[in-house]
Structures are given as structure tokens and as C-alpha cells.
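Asker: build me a model:
(one chain, ligands or ions: 2)
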Amino acid sequence: MPMNPDLEKERQGGTFDVEQLTHILDGGRDKTLKRHFLEQEVLKDPVFRGPDTRFLSREELFGELLRKHVAVIKKTQELSIDDINEASTIYSAAMNNNVGPLTLHSVAFVAPLDLMADDEQKKKWLIPAKKYEIIGCYAQTELGHGSFIRGLETRADYDVNTQQFVLNTPTETAIKWWVGGCVAVGDIGPKFGFGGVDNGYLCLNNVRIPRDNLLAKTGKVLEDGTYVKPENPKVVYGSMLGIRAALPKVGAYNLSKAVTIAIRYSCVRHQSEIKPGCGEPQVLDYQTQQHKLFPLLATAYAFHTVGVWMLDFHSTVMNEINEGHYHRLAEDHVLAAGLKAVINWKTHEGIEICRFSCGGHGYSLASSLPVIYVNHVANSTAEGETVILLLQTAVYLMKCVIDLEQGTPLDPSVAYLDQSFSKSEQWCSDVDMHSLLKAIQFRSKKFTEYVSSFVKKELMATGNQQLAFNKHKVILVECAKAHTEAVIMNAFVTKVDEILQSNPSVGKVLSLLCQIYGVTEILAHSGDYIQYEYLRKIDLDNIQDQLFKLYTYIRPEAVLLVDAFDFHDEVLKSILGRYDGQVYENMFKWAKASPFNKQDQGTFRKYIQQLKQAKL
Ligand SMILES: CCCCCCCC/C=C\CCC/C=C/C(=O)SCCNC(=O)CCNC(=O)[C@H](O)C(C)(C)COP(=O)(O)OP(=O)(O)OC[C@H]1O[C@@H](n2cnc3c(N)ncnc32)[C@H](O)[C@@H]1OP(=O)(O)O
Ligand SMILES: Cc1cc2nc3c(=O)[nH]c(=O)nc-3n(C[C@H](O)[C@H](O)[C@H](O)COP(=O)(O)OP(=O)(O)OC[C@H]3O[C@@H](n4cnc5c(N)ncnc54)[C@H](O)[C@@H]3O)c2cc1C
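Answerer: Ligands and ions are numbered 1, 2, ... in the order given. Below is the predicted model:
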């Protein structure tokens, strides 16, 4: 199909090599080539062809995705793939923006076995689980409790005579609920999205399991019922840590898809007039459309950068824990908690903005933006609800203030809290990314000190830390967000500095995006900078001008920057986001293919006939 002339023109501009940026995003040229190879292995294999999942009922969708997921597993094993990123490539190429039915088996059943089973148990369960000889799920949440783990009601009473645990869900609120991939007892019914996953319920009534079913790498129960605590009790929470540490990159992936669709479509879509009689401009030429999408484009790059960094950091900490060193578990937990919470929340807001920016066609499943949205938005609740996780980060920051007062060294990711910040010169409209980072770190430091003063006062008055925290949860959450933004901006600036050395032209365009991210973040909290006397109105006016100027620099690069995400059309599965920009013709073809247009709407005639006969 010929290229849409608008997109053809957009691809003639640009100041950087798209392919080189794709290689950077993938982690090197070889990884790009391997990703292309794996995508083609899926896209050319007829087993992965099937009905357009956007036309399917819940039951049909589950069946089709299970069929495909099994094919993904076979393909992954056939190609001897064990790298998580490569396995994700095969999975994403097949799932058409859905979450596959066996996802929880991999991320929430196999992972904890790997983390907490002893060698004997690994032989017994981990090996067959990895071969899908046993299919598992993660049944933690109950009808009555999800966030408050210590409130869970399920019982496991030890029967010393039979060396067994007797499992019971003694109350209705104890029923295990939301259990992804739980095929035992029942499905919890239709959901907002996640149609590919059978989130189930599980009632336990005197279910007996052998003592050695308790994963024993950390804690264990001896024959006489004595509980031997793990060296570090928090490691039992580790199974939730793995998914949280991975979800920032999942958020970046989903936001990258949404901005690819919205920016390509915004170049194809012509609407209204700027100069009467001069034709309808591309909607991406409107400053308001740029104001919707360019900060999100910058955010997608920022989230990808920090998502890769978080996964590396988490993997290092897990290796240290495997060798018995727990000193970075707390930092890993709160970084994963804060990044998972902020990134997934801002991503689902961003996907929604991308949908809005495509007008009516964004509301059609032809765009796939609704599919990406409803499947992504679960990530702000699942694996730790947003506020819950931000409070974890906030409590850690309160401890950092105490550590600072006591002269205890801080973890690297919060070292800036011990720095002094000052800004004397007036900001013009070309503030560099390092100055923007300093400002964002300054705000986080000041906010942490401000919140800590309230919590301390409350603690003095009540002597109860939980009460003190509970009274100031709103500002504690904001404090955790401010810190997490400092972590994101720091990772983005660090990566861009590195790329400026290795590939100046790519580094330059990314530095523009980094400035957009930083200026947007500062303007979103401008009141704090005035209140803390770090910025004046003139500074804010100047960086507002800077933001609009940055949009003009990014406008000719925008399509190339989303091309660099390198989504194959069959992976993106969006008519608005097609690489060739041939939207209208394919929208019409897609609509005509809808089963709704195929079935004889006998029901329509039947009931309208009744209406006519009713002679109202
Ligand atoms: C691997 C690839 C993955 C790719 C992903 C692909 C797509 C899949 C997408 C989605 C999958 C969705 C599947 C969803 C599954 C689920 O939802 S499973 C259930 C998840 N449930 C939760 O997350 C519950 C949230 N609640 C909690 O975590 C806890 O209740 C709590 C809020 C943290 C409170 O804990 P607690 O009540 O014990 O009290 P605290 O004092 O706050 O904590 C005690 C100390 O423990 C430390 N802590 C807490 N959590 C952790 C942790 N996870 N790791 C390490 N340490 C932890 C906390 O800091 C306290 O320490 P301190 O005593 O020193 O202060
Ligand atoms: C798509 C999806 C898949 C899931 N898959 C699984 C799975 O496979 N296995 C599994 O075990 N679970 C699963 N879950 C459940 C998930 O882990 C819980 O929904 C999540 O932990 C939130 O707990 P909750 O639903 O009890 O919400 P609640 O904790 O009841 O939250 C409700 C509200 O109360 C607020 N709140 C709660 N506690 C506090 C507090 N201390 N301070 C301030 N505010 C508070 C929250 O911020 C929120 O606004 C899944 C959920 C979804 C949506």
C-alpha cells in the first residue's frame, strides 16, 4: 500500500538516525535484529493468525488468547528462548494488546517458586512449572482484603499428627478473589479489561496439604510445628517485588504504543483551518495538540529509560539477596513501589489523553487505544494499589530524614536529600536538563522536610507512628510522588548525557525531550517553587515560553521519534497508528468486516415490527 503523503513528508525531516535510536532503545543493534527475527517468527506463522480479537466476546477472547498463549509457549521453547525480553517479544507479537491467560503462571507463580523454594522444592515444582506440567496462580487477595496483607483471613492450621496444613477460608470475605489464572473454582465475572485472564475465586474448606508445601528457602515449619523465621522476614514480600520492578517498563511500553498511534494519526488527520482558504492543516500543527502529545512523547522516553534502570537495579539486588546480602532490599522495594505507582498511573492518564487527541476514531476499537487502556489501567491497582505503594515510599523517606539527622549515610537514590540547593540567576527560556533536574530534586528535598515536620509534630503529640502517618497521608503521598519524579528525571538525564557522548545527534533530540519532561513537571507544581522561593514568576513565565519553543523543535522530529519505538503494525494492531498512514480506507474495510455487519439483524426487524404493531 502506498505511503500516506503526510507521513512520507514527515519522514523526510528529522536530525537523527531513527534506526540508531531504535538500537539504543533495544539495548544494541543485535537486540533489535533479534527482536525483528522473533517478531517475524510469530507474524509469519499461521498458528498465530486468527479472528480480530476486538470483535470477540469475553468467552471467545479467552479461548482465542489461550490458544495463542499456548502457541507462544511452544514457539518460545522451540526457539530455546530464555531471555525475559526476548520471551516478551514473542508474547507481545501474538497477544494483540491483551494480557494472556497464562501470564500469571509465569510472573506470579514461577517467579515466587524461584525466589522462595528450596532446592528439593525446586526439583518438585519449579522444573515442572517451567515446563507447564503444572499451572499455577497467586492466590493472595481475598474478597475482603487486597492491600492489607496482614488483614488476610485465610487460615493454614498445622496438624502435627499428619504433618499437614489444613487450609480454610473461614468467612465470605476470606474467599480468595481476583486470582489470575485460577482455574479451580470459578471466575469472578466480567471486568473492565484483562479479558484474557480468568481472574478467579477460590474457596478453601479443610484442604489438606503436606508440610513441605510451604516454600522453605526463607522460613520453614519443622515436624513439631516450630516456625523457623527467614533471615530477613521481608523477603517473603519479594514475590510482589519482581512484578512491581518490571511494571515501570511495561508502562513505558504501553505509553509508547499510545503516543505512536496518536502522533502518526495527528499527522494524517487534517481538520479545520488556521488561515482561511489555505486548506485544513494537520492537527499536529495545532499548539494544543502538541501540548497534549509532546509531553507524553517525552514521558514515554523517560519511563523507558528508568524502567530499564529499575530492572537492572532489581536484578542486582536479587543476586545480592541470593548470596545472603539484604542491605539494598528496602531501597529496591521503595523504588519499585514508587516507580510502579507513578509510572502506571501517569501512563493510564497518558493513554487516555492519546485517545482523546484522536477524536471520535480514538474511541473506536479500530484505534486499539481503548484496548491498550483497559488492559493497562489494571496496573494501577494490581500488584499493589497506587496509594498503598506510594505510602511505602513515603515512610521510607521519613526514615531518611531521621537518618540524615543522625548522620547515617543515605542510599544512593536518595543521596540528593543531603545536598544543598541554591538558585541565584534568573532562568531564561533555555534552561538545560541538569538545572531542571536540580530544581526537581530541590522540590523533593523541601517537600520531604516539610512533611516530616508535620509527622514529627503529630508523633510528639500522639506517640503513635501509625496515627501520625494516617493524619498526613495526603502530603505523604505527594512527597513520595515528588521523590519518584526526581528518580525518573535523574535516570533520564543520566542516560541522555551518556547518549550525547556516543551519538550526539540522537542525544540532542533526547535532550529536548528531557527538557520537555522537566519543564512540564516543574510547571505542574509551580506553586511549590514560588512558596520555597526557588523560582519567581519571571522564571516560570520563561520556562513556559521554553516549553512552547521546544514543541517547535520537536514537531519535525515527532514521527521519527515514534518510529524509533519500532512497533510492527501487527504488534501495534491500530488502524490509526499504521506505519503507512493509510487510515480511512482501512477504517472502512475494518468496519465492513465487523461480524455485526455480517449477521442478518433479524432481532432488529422482530422488535421494530412489534413496535409498529403496537400502534403507539
Ligand atoms: C517478571 C515480569 C513481570 C511482567 C509483568 C507483565 C504483565 C503482568 C501485569 C499485571 C499482573 C497483575 C497480576 C496481579 C497480581 C496481584 O495483584 S498479586 C497481589 C498483590 N498485592 C499487593 O501488592 C498487596 C499490597 N500490600 C502490601 O504490599 C502490604 O500490605 C504493605 C502495603 C506493603 C504493608 O505491609 P505490612 O502490612 O506488612 O506493613 P508495613 O509496615 O508497611 O511493612 C512491613 C515492612 O516490610 C517492608 N515491605 C513491605 N512490602 C515489601 C516488599 N514488597 N518488599 C520488601 N519489603 C517490603 C516495609 O518496608 C516494612 O519495612 P520496615 O519494617 O523496615 O519499615
Ligand atoms: C486486573 C487485576 C488482576 C489481579 N490479579 C491478582 C492475582 O493474580 N492475585 C492476587 O492475589 N490478587 C490479584 N489482584 C488483586 C489486587 O492485588 C488488589 O486488587 C490490590 O492489591 C488492591 O487491593 P484491594 O482490591 O483490596 O483494594 P483496597 O485496598 O480495598 O483499596 C480500596 C481503596 O482503599 C484505599 N486504601 C486501602 N488501604 C489504605 C491505607 N492503608 N491507606 C490509605 N488508603 C488505603 C486504596 O488506596 C483504594 O483507594 C488483581 C487485581 C486486578 C485489578
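Asker: CA only for contacts and neighbour counts going forward, please
Answerer: Noted.
Asker: and the helix or strand hosting His434, average pLDDT?
Answerer: Using DSSP states H and E, His434 sits within helix 433-462. When pLDDT is averaged over helix 433-462, the result is 96.
Asker: in it, which residues are buried?
Answerer: Across helix 433-462, burial judged by 16 or more other CA atoms under 10 Å covers 433-434, 436-449, 451-452, 454-456, 458-459.
Asker: same deal with stretch 417-436?
Answerer: Buried-residue list, stretch 417-436, by 16+ other CA under 10 Å: 417, 427, 429, 431, 433-434, 436.
Asker: ditto for stretch 7-19
Answerer: Residues of stretch 7-19 classed as buried: 7, 10-11, 14, 16, 18-19 (neighbour count, 16+ other CA under 10 Å).
Asker: could I have it exported to CSV, CA atoms only?
Answerer: Listed next in CSV are the C-alpha coordinates belonging to stretch 7-19 (Å, rounded to 0.1, in the frame of the first residue of the first chain):
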residue,chain,number,x,y,z
LEU,A,7,3.8,10.7,6.8
GLU,A,8,6.2,10.5,3.8
LYS,A,9,6.9,14.2,4.2
GLU,A,10,7.3,13.8,8.0
ARG,A,11,9.9,11.2,7.5
GLN,A,12,12.0,13.4,5.2
GLY,A,13,12.8,15.8,8.0
GLY,A,14,14.5,15.0,11.3
THR,A,15,18.0,15.5,12.5
PHE,A,16,18.9,12.0,13.8
ASP,A,17,19.1,8.4,12.6
VAL,A,18,15.9,6.6,13.6
GLU,A,19,17.5,3.1,13.4
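Asker: and the contacts of that stretch?
Answerer: With contact meaning CA atoms under 8 Å, 6 or more residues apart in numbering, stretch 7-19 is reached by 264, 267-268, 505-506, 509, 556-557, 559-561, 563-564, 580-581.
Asker: let's go with 7 Å and repeat that
Answerer: 267-268, 505-506, 556-557, 559-560, 564, 581 (CA atoms under 7 Å, 6 or more residues apart in numbering).
Asker: out of the buried residues of stretch 7-19, which one has the lowest pLDDT?
Answerer: Where pLDDT dips furthest among the buried residues of stretch 7-19: Gly14, at 89.
Asker: assign that residue to helix, strand or coil.
Answerer: Following DSSP: H, G, I helix; E, B strand; the rest coil, Gly14 is assigned to coil.
Asker: hang on, Gly384 in a strand?
Answerer: No. The assignment for Gly384 is coil, going by three-state DSSP, so no strand is present there.
Asker: residues touching the nearest residue in space to it that is not next to it in sequence, list them.
Answerer: Ranked by CA to CA, 6 or more residues apart in numbering and with sequence neighbours excluded, the top spatial neighbour of Gly384 is Ser147, at 6.6 Å. Taking CA under 7 Å, 6+ apart, we find Ser147 in contact with 384-385, 388.
Asker: what about the top helix by length along the chain, average pLDDT?
Answerer: Taking DSSP state H as the criterion, the chain has its longest helix at helix 287-322. Here helix 287-322 scores 97 as its mean pLDDT.
Asker: can you check stretch 571-582 too?
Answerer: The model assigns stretch 571-582 a mean pLDDT of 98.
Asker: and if you look at stretch 514-526?
Answerer: 98.
Asker: residue contacts, the residue positioned nearest the centre of the chain?
Answerer: For the chain, the residue nearest the mean C-alpha position is Gly251 (2.4 Å; CA atoms, centre = their mean). Contacts for Gly251 (CA under 7 Å, 6+ apart) come out as 343-344, 347.
Asker: for Val42, pull up the helix or strand it's in.
Answerer: According to DSSP H and E, Val42 maps onto helix 29-43.
Asker: for Ala336, same thing?
Answerer: Assessed by DSSP H and E, Ala336 sits inside helix 329-357.
Asker: how many neighbours does the residue of the stretch 301-450 of the chain at minimum distance from ligand 2 have?
Answerer: Nearest residue of the stretch 301-450 of the chain to ligand 2, counting by CA to the nearest ligand atom: Ala382, 4.1 Å away. As a burial measure, Ala382 scores 15 neighbours (other CA atoms under 10 Å).
Asker: can you give me phi and psi for it?
Answerer: Per-residue torsions, Ala382: phi -70, psi 150 (degrees, to the nearest 10).
Asker: what's the answer for Asp157, then?
Answerer: Dihedral angles of Asp157 (phi, psi; degrees, to the nearest 10) stand at phi -90, psi 130.
Asker: please name the bridge partners of it.
Answerer: When assigned by DSSP bridges, Asp157 has beta-bridge partners Val166.
Asker: how deep is it tucked in, by neighbour count?
Answerer: Neighbour count for Asp157, taken as other CA under 10 Å: 14.
Asker: I'd like the numbering to begin with 357 instead of 1 from here.
Answerer: Yep, numbering from 357; the last one is Asp513 now.
Asker: just the pLDDT for it.
Answerer: Reported pLDDT for Asp513: 97.
Asker: residues contacting it?
Answerer: 521-523.
Asker: show me which residues of the longest helix of the chain are buried.
Answerer: 645-646, 648-667, 669-670, 673-674, 677.
Asker: spatially nearest residue to Pro484 (excluding sequence neighbours)?
Answerer: Sequence neighbours aside, Ile490 is the residue nearest to Pro484 in space, at 5.9 Å (criterion: CA to CA, 6+ apart).
Asker: ah, wrong one, I meant Leu928
Answerer: Ranked by CA to CA, 6+ apart and with sequence neighbours excluded, the top spatial neighbour of Leu928 is Lys613, at 6.6 Å.
Asker: now swap in Arg410 and tell me
Answerer: Per CA to CA, 6+ apart, closest to Arg410 is Leu721, 6.5 Å.
Asker: how about the residues of the stretch 407-556 of the chain by ligand 2?
Answerer: Proximity of the stretch 407-556 of the chain to ligand 2 (CA under 6 Å from any ligand atom) is limited to residues 494-497, 501-503, 534-536, 550.
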